[in-house]
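S.K.: quick one, fold the following:
(chains A and B)
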Amino acid sequence: MKQLLNIKITIMEKIIAGKNITVNEEGYLTDFNQWDEKVGEALATESDISLSPRHWEVVKYLQNEQKSQVPLSIRRVGKSGIVDIKEFYQLFPTAPLKTATKIAGIPKPASCI
Amino acid sequence: MKIMKENKGAIKKMMIILSKGTLENVYAAFVLANGARMEGIEAEMFFTFFGLEAVHKKKLEHLHIATVGNPAMHMPTMLGGLPGMEALATSMMKKEMEKIDMPDVLEFLEILSASGVKLWACKLAMDMFHYKKEDMYEGIDDVITVGDFYKQSEGEGVHMLFI
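M.R.: Presented below is the predicted three-dimensional model:
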């Protein structure tokens, strides 16, 4: 019983950009259908990032990769032709893949590379 | 204790010392350094003794895994010592790594460098092996002493790891 309680997943509701959004305990959207660009901007502001056209190119790229169910990794992003690893870290200075996927409204990648 | 409370024990920087030149140890160190950066943690690497081979231009592409003295290989030690065994085991491991999208040593160094990992070569070991800075991977930040490395490690939330 105790074990069952420990594995329960925390899902929270919060209001972002005037919309009711469901996020997990780390702040990732649990339903991509709730995402729009306003939500993306609000999530970026929470991470202290103001989105430039370059940021948007990366965010859209990540969303497309997610749609095609490609596993995301820093290495793959670096080879995408959209952004190299150095610029990726400049655009999203703290934990780029985690931050960018959160803003994009897609799940946190389970990648070690 | 007070510091611990203030930053809740958060890891801010990983200082990773690599002293071995076997492929499995080099990859462990690289994955840990890169993984830190992916989490928003700073990372610096200090290459010393055989760890220098991982950043030596002519050697870094010829690193092997250890087949002798490695019980996890599940291979009799005498077999592991036969000519060609290390090369065979290494090529098998490299094939598996390709499957899981693991970069080779040179590409991994480039990823680390682009991710802002500082790469230091140990002066003492460089002198011992008669290596010059131009022999080393160009992304090496500098050749430094152990004292310099400790200086780099100052600050709260800094952790040090010896491989």
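
S.K.: next to chain B, which bits of chain A? Give me the list.
M.R.: Near chain B, the residues belonging to chain A are A:71, A:73-76, A:78, A:84-86, A:89, A:93-98, A:111-113 when assessed by CB under 8 Å from any CB of the partner chain. Any C-beta I mention is one placed from the backbone N, CA and C, and that applies to glycine too.

S.K.: again, only using 7 Å
M.R.: When proximity is defined by CB under 7 Å from any CB of the partner chain, chain A lies next to chain B at A:73-75, A:78, A:84-86, A:89, A:94-95, A:97, A:112-113.

S.K.: neighbour-wise, which of these leads?
M.R.: Within these, residue A:74 tops the neighbour count with 24 neighbours, counted by other CB atoms under 10 Å in any protein chain shown.

S.K.: roughly how far does that one sit from residue B:116?
M.R.: 12 Å (CB to CB, to the nearest Å).

S.K.: chain B: helices as residue ranges?
M.R.: Here chain B has its helices, by DSSP state H, at B:2-6, B:23-38, B:77-80, B:85-99, B:105-114, B:123-128, B:146-152.

S.K.: closest one to chain A among those?
M.R.: When those are compared by CB to the nearest CB, helix B:105-114 sits nearest chain A, at 3.9 Å.

S.K.: starting at the chain centroid, how far to the closest one?
M.R.: 11 Å (CA atoms, centre = their mean, to the nearest Å).

S.K.: ok, residues contacting it?
M.R.: Under the criterion CB atoms under 7 Å, 6 or more residues apart in numbering or on different chains, residues A:74-75, A:78, A:84-86, B:26, B:30, B:33-34, B:54-55, B:60-61, B:63, B:103, B:119, B:137, B:139 lie in contact with helix B:105-114.

S.K.: pLDDT score for residue B:147?
M.R.: As predicted, residue B:147 sits at a pLDDT of 96.

S.K.: how close does residue A:36 sit to residue A:91?
M.R.: 21 Å.

S.K.: more neighbours, those two?
M.R.: Legend: neighbour count by other CB under 10 Å for residue A:36 and residue A:91, higher for residue A:91 (19 against 12).

S.K.: excluding chain neighbours, what is closest to the more buried one?
M.R.: residue A:55 (5.5 Å; CB to CB, 6 or more residues apart in numbering or on different chains).

S.K.: same check on residue A:95?
M.R.: Nearest non-adjacent residue to residue A:95 (CB to CB, 6+ apart): residue B:40, at 3.7 Å.

S.K.: can you read off the pLDDT for that neighbour?
M.R.: So, for residue B:40, pLDDT stands at 95.

S.K.: what is the burial count for it?
M.R.: Neighbour count of residue B:40, defined by other CB under 10 Å: 16.

S.K.: pretty sure it contacts residue A:94?
M.R.: Yes. Here residue B:40 reaches residue A:94: they are 3.8 Å apart, a contact under CB atoms under 7 Å.

S.K.: export the residues of chain A next to chain B as a markdown table, with columns for pLDDT and secondary structure.
M.R.: A markdown table is the format used below for the residues of chain A next to chain B (pLDDT from 0 to 100; DSSP: H, G, I helix; E, B strand; the rest coil):
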| residue | pLDDT | secondary structure |
| --- | --- | --- |
| A:73 | 91 | coil |
| A:74 | 92 | helix |
| A:75 | 92 | helix |
| A:78 | 93 | helix |
| A:84 | 95 | coil |
| A:85 | 96 | helix |
| A:86 | 96 | helix |
| A:89 | 97 | helix |
| A:94 | 91 | coil |
| A:95 | 94 | coil |
| A:97 | 96 | helix |
| A:112 | 79 | coil |
| A:113 | 81 | coil |
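
S.K.: how about these in a markdown table, adding distance to residue A:47?
M.R.: A markdown table is the format used below for these (distance: CB to CB, whole Å):
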| residue | distance to residue A:47 |
| --- | --- |
| A:73 | 20 |
| A:74 | 17 |
| A:75 | 22 |
| A:78 | 21 |
| A:84 | 21 |
| A:85 | 19 |
| A:86 | 19 |
| A:89 | 14 |
| A:94 | 7 |
| A:95 | 9 |
| A:97 | 13 |
| A:112 | 22 |
| A:113 | 22 |
